[in-house]
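Enquirer: With the sequence up front, the predicted model follows.
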Amino acid sequence: MDLTKHSADQSETGRPSAPEPEHRLTSDDARNEILFRLVAPNARHVGLIGDFTGWAGQPIALRHDETGAWWTKVLLARGRYAYRYVVDGQAQVDPDNRDEVSSPDGNQSSVLQVL
């Protein structure tokens with residue numbers, strides 16, 4: 001898991017600003033752009049679900065590159081979030097994140113703390 005926080009003023013510092021996040025899942029108080037990244041070179045589809053999506057509906061679709069890395073950026077407010085990747089229809093924890101919790105459905109989920 002590669003979780004990266006980008007401050008909103010990066011573009012004013014002379015450094016290139018990060019691309020706009022693809023999903024705004026929280027209210028106007030969202031201040032943290034989080035990069036979710038999973039290496040799955042043989043996957044055809046990778047999505048993201050979590051308590052920030054309500055665990056329901058369509059997973060957030062991740063993009064992929066030629067190296068087999070899948071990624072998306074999500075704006076999240078401070079807090080603790082449980083999430084899972086959905087790889088070709090099968091939910092799985094983040095293999096790069098050892099912090100896990102039991103989710104409401106009884107399955108294990110990865111945990112992310114946004115500061």
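Expert: Yep, that arrived. Numbering: from 1, shown residues only.

Enquirer: For Val39, name its beta-bridge partners.
Expert: Val39 forms beta bridges with Ala69, as assigned by DSSP bridges.

Enquirer: neighbours around it, how many?
Expert: Val39 sits with 15 neighbouring residues when counted by other CB atoms under 10 Å. The way it works is simple: take the backbone N, C-alpha and C, and place the C-beta from them, glycine included.

Enquirer: What of Leu48?
Expert: With other CB under 10 Å as criterion, Leu48 counts 22.

Enquirer: ditto for Phe36
Expert: 23.

Enquirer: I'd like the next helix or strand past whichever strand or helix holds it.
Expert: Per DSSP states H and E, Phe36 falls inside strand 32-39. Read in the C-terminal direction, the helix or strand following strand 32-39 is strand 46-50, with elements assigned using DSSP H and E.

Enquirer: Run through who's touching that next one.
Expert: Outside strand 46-50, the residues that touch it by CB atoms under 8 Å, 6 or more residues apart in numbering are 36, 38, 40, 55, 58-62, 64, 70, 72, 74, 81-88, 91, 109.

Enquirer: and the following helix or strand past that strand, what other elements does it pack with?
Expert: Towards the C-terminus, the helix or strand next in line after strand 46-50, according to DSSP H and E, is strand 60-61. If contacts are counted by 3 or more CB pairs under 8 Å, 6 or more residues apart in numbering; DSSP states H and E, strand 60-61 sits against strand 46-50, strand 69-76.
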